[in-house]
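Engineer: Would you be able to build a 3D model of this:
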Amino acid sequence: MKSLLTFLFLSLFVASNAQLTVSPDIIDFSTDSRDSLYEYKMKIKNESNDSTSFFWMVELADDWPADWDIFVCDNNLCYFTGVYKCPNNKINVFPPQHELEFKITLLTGFTKGKSSMKLHLFTDMDCQGQFYSSSDWGSVEVTGGTSVNDLTHLKNTKIYPNPVINTFNISNDEFVTKVEMRNIQGQVVQSFDHLTHESHDISPLSQGVYIVELRDKQGNVKREKMYKD
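Structural biologist: Prediction:
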């Protein structure tokens with residue numbers, strides 16, 4: 001039996017003759033465990049001549065790896081992992097003949113594995129009236145690379161506190177020589193040379209989700225997800 005994970009609710013009103021198309025239909029991709037994230041883009045189009053809105057749900061398979069994480073970006077913003085409903089003041093307006101792009105971003109956690117997911121679109125917040133459902137379970141696979149479990153000298157290296165307000169520290173950091181901060185698009189937004197027990201100020205960064213890359217002098221990397229308040 002598949003477990004349901006509701007990520008987001010979009011609501012305004014639904015035109016009775018609305019017709020939505022989704023491309024691609026099946027969520028299917030592969031990435032390398034050395035990559036901190038993979039961004040999967042989908043197009044949703046309102047083919048009708050009436051405005052509409054919808055609720056959506058992502059269904060994850062029961063074998064979804066615990067170390068993987070996922071978050072969604074809609075027309076308004078990118079939501080934190082663990083935010084399952086869109087705030088009421090962040091409604092997406094969906095005009096006639098309008099196409100929107102939303103992204104499902106996988107945070108790999110350096111963990112190899114294979115699983116699947118589906119996308120469902122509904123006309124109501126109770127998920128009773130269904131606009132659309134993926135025609136089949138796609139394949140989501142993280143392959144290759146070096147697992148963090150193989151990097152024993154970085155295995156216990158952690159960032160703290162998390163969430164962060166302005167400054168963070170690194171525990172068991174004797175092998176860490178460089179720290180890079182990436183946004184959810186994978187862009188480097190801040191970097192530091194690191195000395196043992198040194199803390200780092202990220203106050204210039206906006207609130208959101210970041211990937212922290214902890215590097216040793218051989219170029220090995222451990223990545224951690226960070227929330228900035």
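Engineer: Which residue ranges of this protein form helices?
Structural biologist: Counting by DSSP state H, the chain yields no residue ranges for helices.
Engineer: looking at it, which helix or strand is least sure?
Structural biologist: The least trusted helix or strand in the chain, going by mean pLDDT, DSSP states H and E, turns out to be strand 3-9, with a mean of 44.
Engineer: residues in contact with S116?
Structural biologist: By C-beta atoms under 8 Å, 6 or more residues apart in numbering, S116 lies in contact with 27, 60-61, 137-140. For glycine as for every other residue, the C-beta is placed from the backbone atoms N, C-alpha and C.
Engineer: can you tell me how far it sits from Y38?
Structural biologist: According to C-beta to C-beta, to the nearest Å, S116 and Y38 sit 15 Å apart.
Engineer: in terms of contact, does T143 touch F29 like I think?
Structural biologist: No. With contact defined as C-beta atoms under 8 Å, T143 and F29 do not form a contacting pair (11.2 Å).
Engineer: out of the two, which sits in the busier spot?
Structural biologist: Under the criterion of other C-beta atoms under 10 Å, the comparison of T143 against F29 puts F29 first, with 15 against 11.
Engineer: Tell me who's in contact with the nearest residue to that one once chain neighbours are set aside.
Structural biologist: Closest residue to F29 in three dimensions, ignoring its sequence neighbours and counting by C-beta to C-beta, 6 or more residues apart in numbering: Y40, at 5.6 Å. The contact partners of Y40, by C-beta under 8 Å, 6+ apart, come to 27, 29, 103-106.
Engineer: can I get the residues you listed in JSON lines with pLDDT and distance to N220?
Structural biologist: Shown next, in JSON lines, are the contacts of Y40 (pLDDT from 0 to 100; distance: C-beta to C-beta, whole Å):
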{"residue": "I27", "pLDDT": "94", "distance to N220": "31"}
{"residue": "F29", "pLDDT": "95", "distance to N220": "25"}
{"residue": "K103", "pLDDT": "88", "distance to N220": "29"}
{"residue": "I104", "pLDDT": "88", "distance to N220": "28"}
{"residue": "T105", "pLDDT": "87", "distance to N220": "24"}
{"residue": "L106", "pLDDT": "88", "distance to N220": "22"}
